[in-house]
Structures are given as structure tokens and as C-alpha cells.
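Participant: this one's structure only:
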């Protein structure tokens, strides 16, 4: 089958970006200049096509690029199309291919960022150049944003731009990026393409138990380690109730109708488990979650420490942050202190919008047996930062993949990969979405 230039350039650009080690460790001393080098590559390719750009580097090495293509309707709200250029660290001992080699084997492209998310950065770049070459003008302004620092919270990327250069995003009403758009089995011969219309919040808490230090030969009734361990166990074992958010309700409605399942809250985990890997993602989005992640106490076995601490990862559903904090405080108990760290609040965007109809039409044109299904993402993206400007964010990076290919499972994994054919599908479908948006 003959490939179009936009498909060929998509593969070329994704591979070029993967080969740039733009690893975000979260530590300024070890990050390097990979994000800036990736941003400069994007900038050069955009300007080669005659597209003006704005390069942003708030601190050395943390580069982002913004480009705006004018639409035909100046009254239509602009659409932010964004991807992050940073990737999470790798342990090469866990990989069977070079993580930054962009090798292609048996139809799969391997490398850190293959799905998270240099794939979409390459698609965006190729589609923007195609629009410029052809003179194609979408209805609304398209703001292409290639961003630094998403993997560490976006401080030097999307968040910094929202705080310091909101003029670059003027008039934006919606945004499209990760995490969604990949196909999952729906019913015999049919695929669902998940559309993230909401995201859980991301926050943290620290539990602290205090007592008196002493010799371990004389155990104390107020031993902070014991009290902390009890609090952690209560929180870790607590099962929060199912909350049928609009996104979850729509997912259950679509899958229930296709598979003949009446989903029930008291049996939801077992029913979702029968859906395979997609069910595990949805199960994580069906309720509030708290995960104890770090424990710290004494450093010598024969000393009872004066303090013991535990860190918790919190994932709150939209409009339920305060409720989650109250539940954690209650579970921790009166003799354990609870302090809260900075958080990214959950977001929820409208369902059944004209933009979602455009997405559905684009998918149907490329896959007549595909249907777009909303869901709630149990993780976080840069859409949270743009939401502070009143922008409704959606997660949809179109990828048609084989039935047993778990795209969500590729995020942050060793041997991260994506089918090359899926990249071509992504380029075609994204171009349809942006033309029709």
C-alpha cells in the first residue's frame, strides 16, 4: 500500500524524537538538555514548512514550542493540540532493545516515548506540516503545543505557560492530548476507542505518629511505629465505594449494551475484570483511591524512634477532593497527624459536544466498526493546567491496535513499543479530527 507523505513523516519524526534522550528525572541536576533539543527539532521542522513558532525555555534545558495555525472562523474557540516531549527514566537492564534506538522489529517501533508520548508529538508535527503544504485551513485556530516537564507535573512546561504566557493560548476553549484514543475490544469484530473526558486528581498526604524514643528492650504503649502501621493498614485495606461519574456511567452503558452485561456496583470489580486489561483501567477510575507508598521510622533496630511517617498517594474523583481528605483523616485516627501536599485537582469536561462528534466521525471514517466511548482517566495530564484557563480537555491519541495489544500497559514500561501501522492510522485520523474540529 502506498504511504502518504504525512504518514511517512510521522514515522520519521517519531523515530527522530525517540532518539533524543529527553529523560525527566525530576531532579534539575540530572535532567540535562534533552527536552530543549527535542523542542528545537520540532521548531526547525515547523519553520521549514513556513509555520511561525514561539520557543520557550524558562530554565536551561526545559524547552517547549508553540505554533498557531489560523482557522477560517475567527469566532470559533481555538483548539490546543498538545504533546509532551519529556519521557520517564529507563533502566536499560530491563530492556531487550536500546530504549533510545527507535528500532523497528516485526512491525513494532520500540523506544521510550513510543506511546508516552513522542508518538503524538510526531503525528502533530507531520499533520501541521501537511496543513501548511496544502494550504488547508481548519475551521478553528489550532494551537500546537510541544511541552516540557509533563512527567514531573508540568512546572516548566504547561503550568509555566499558563502562568506566564497565556497570550499564546488566547481564545482556546478545548484541548486534545493523552491518555485515550487507543482501541480496545468492545464486542465481536468491533472496537472501542476510549475518550478521556475526565481525570482524577493527584495529591499526597503524610501520616506522622509521635511518641517518646526509648530502648527497644522496653516496648512502649505509645510506640509511633505501631500506631503508624495500624493507621496505614486501615487506610490501605479500606475499600472506597463505587461512584458513577458521568464518564464511568457512559462507559458502562456502552460496554453493557454491546456485551449484554448489567453492571452492578457491588460486583463491579469482578465484572470489569472479565473485560481484560481495559477493565483494570476502568476499575481504577470507579472510586477514590489511596495507596501507601513510603514508610520512614527508625534507623537502628534496638531503638524505638520518636516519630514514624508514611507517605500516601491520593487519587480523587471530580468534586470529591474534600470528601477524600475527610475520609483519610477519619481512617488515620486521632493519634496520627495528617498533612497534605500540593495537588493537581481533578477535572471533568462536558460530554456530547460537537468536538466529540467530530472525533467520532473521524474514527468511523477510518474504522467503520469503531465506536468512541468516554471514560475517566485515573491518572493525570497537562490538560489539568489548561483547565485553569477554562479549557475543556480531552484525552484522545487515535491508535488502532491489535486486539491483544494493551496500549495503557506500555506507559512507563520496559520495551515500550507501538505498531507502525497504528502510527499511520493515528496520522490519518488526527488529520481528520483537526480538519473537522
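Facilitator: Here it is on my side, so go on. Please read all numbers here as calculations on a predicted model, not as lab measurements. Numbers count the residues shown, from 1 in each chain.
Participant: run a quick neighbour tally on residue 126.
Facilitator: Applying other Cβ atoms under 10 Å, we find 28 other residues in the vicinity of residue 126. The way it works is simple: take the backbone N, C-alpha and C, and place the C-beta from them, glycine included.
Participant: that one should be in a helix, yeah?
Facilitator: Yes - membership of residue 126 in a helix is supported by DSSP: H, G, I helix; E, B strand; the rest coil.
Participant: start at 39 instead
Facilitator: Got it, first residue is 39 now, which makes that one residue 164.
Participant: that one touches residue 51, doesn't it?
Facilitator: Yes - with contacts counted by Cβ atoms under 8 Å, residue 164 reaches residue 51, the gap being 5.8 Å.
Participant: what pairs with the helix or strand of the chain with the lowest mean pLDDT, parallel or antiparallel?
Facilitator: The helix or strand with the lowest mean pLDDT-type score in the chain, counting by mean pLDDT, DSSP states H and E, is strand 252-253 (a mean of 86). On the basis of DSSP bridges, the sheet neighbours of strand 252-253 come out as strand 341-342 (antiparallel).
Participant: now the partner strand: how far from the chain's centre is it?
Facilitator: In terms of Cα atoms, centre = their mean, to the nearest Å, the gap separating the centre of strand 341-342 from the centre of its chain is 42 Å.
Participant: and stretch 66-74, by the same measure?
Facilitator: Here the centre of mass of C-alpha atoms in stretch 66-74, compared against the chain's by Cα atoms, centre = their mean, lies 21 Å away.
Participant: next secondary structure element downstream of the least confident helix or strand of the chain?
Facilitator: helix 262-275 (DSSP states H and E).
Participant: helices and strands around that following helix, which ones?
Facilitator: Using 3 or more Cβ pairs under 8 Å, 6 or more residues apart in numbering; DSSP states H and E as the contact definition, the elements that helix 262-275 packs against are strand 241-248, strand 327-334, strand 345-353, helix 359-370.
Participant: need these in a markdown table with distance to residue 144, can you?
Facilitator: Below are the helices and strands packed on helix 262-275 laid out as a markdown table (distance: least, Cβ to Cβ, whole Å):
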| stretch | distance to residue 144 |
| --- | --- |
| strand 241-248 | 41 |
| strand 327-334 | 36 |
| strand 345-353 | 36 |
| helix 359-370 | 44 |
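Participant: can you redo the ones you listed as TSV with mean neighbour count?
Facilitator: Supplementary listing: the helices and strands packed on helix 262-275 in TSV, determined by neighbours: other Cβ atoms under 10 Å:
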stretch	mean neighbour count
strand 241-248	20
strand 327-334	15
strand 345-353	20
helix 359-370	17
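Participant: residue 99: which of the ones you listed is closest?
Facilitator: Set against residue 99 and scored by Cβ to Cβ, these come closest in strand 241-248, at 26.0 Å.
Participant: just the residues contacting the closest one, thanks.
Facilitator: Outside of strand 241-248, the residues within contact range by Cβ atoms under 8 Å, 6 or more residues apart in numbering are 262-263, 265-266, 269-270, 273, 328, 344-354, 359, 363, 366, 370, 373-382.
Participant: rerun at 7 Å
Facilitator: If you take Cβ atoms under 7 Å, 6 or more residues apart in numbering as the criterion, strand 241-248 is touched by 262, 265-266, 269-270, 344-352, 354, 366, 370, 373-379, 381.
Participant: distance from the chain centre to stretch 71-80, please.
Facilitator: For stretch 71-80 - counting by Cα atoms, centre = their mean - the centre lies 21 Å from the chain centre.
Participant: which positions in that stretch come out as buried?
Facilitator: Under the neighbour-count criterion of 16 or more other Cβ atoms under 10 Å, stretch 71-80 has 71, 72, 73, 74, 75, 76, 77, 78, 79, 80 buried.
Participant: could you list the low-confidence segments of this protein?
Facilitator: Counting by pLDDT under 70, the chain contains low-confidence residues at 39.
Participant: how about residues contacting the least confident helix or strand of the chain?
Facilitator: Applying Cβ under 7 Å, 6+ apart, the contact partners of strand 252-253 are 258, 340, 341, 342.
Participant: and the strands in the stretch 339-475 of the chain?
Facilitator: Listed in chain order, the strands found in the stretch 339-475 of the chain under DSSP state E, counting those that start in this stretch are 341-342, 345-353, 375-378, 385-386, 408-415, 430-433, 455-457.
Participant: need the ones you listed in TSV (columns: distance to residue 422).
Facilitator: Below are the strands of the stretch 339-475 of the chain laid out as TSV (distance: least, Cβ to Cβ, whole Å):
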stretch	distance to residue 422
strand 341-342	42
strand 345-353	13
strand 375-378	17
strand 385-386	6
strand 408-415	10
strand 430-433	7
strand 455-457	25
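Participant: just to revisit the earlier point, pick the one among the contacts of strand 252-253 closest to residue 233.
Facilitator: For the contacts of strand 252-253, the residue nearest residue 233 by Cβ to Cβ is residue 342; the value is 52.8 Å.
Participant: so what's the residue count around the closest residue to residue 315 other than its chain neighbours?
Facilitator: The spatial neighbour of residue 315 that comes closest, neighbours along the chain excluded (Cβ to Cβ, 6 or more residues apart in numbering), is residue 444 at 4.3 Å. As a burial measure, the neighbour count of residue 444 was computed by other Cβ under 10 Å and equals 16.
Participant: please consider this matter closed, and thank you.
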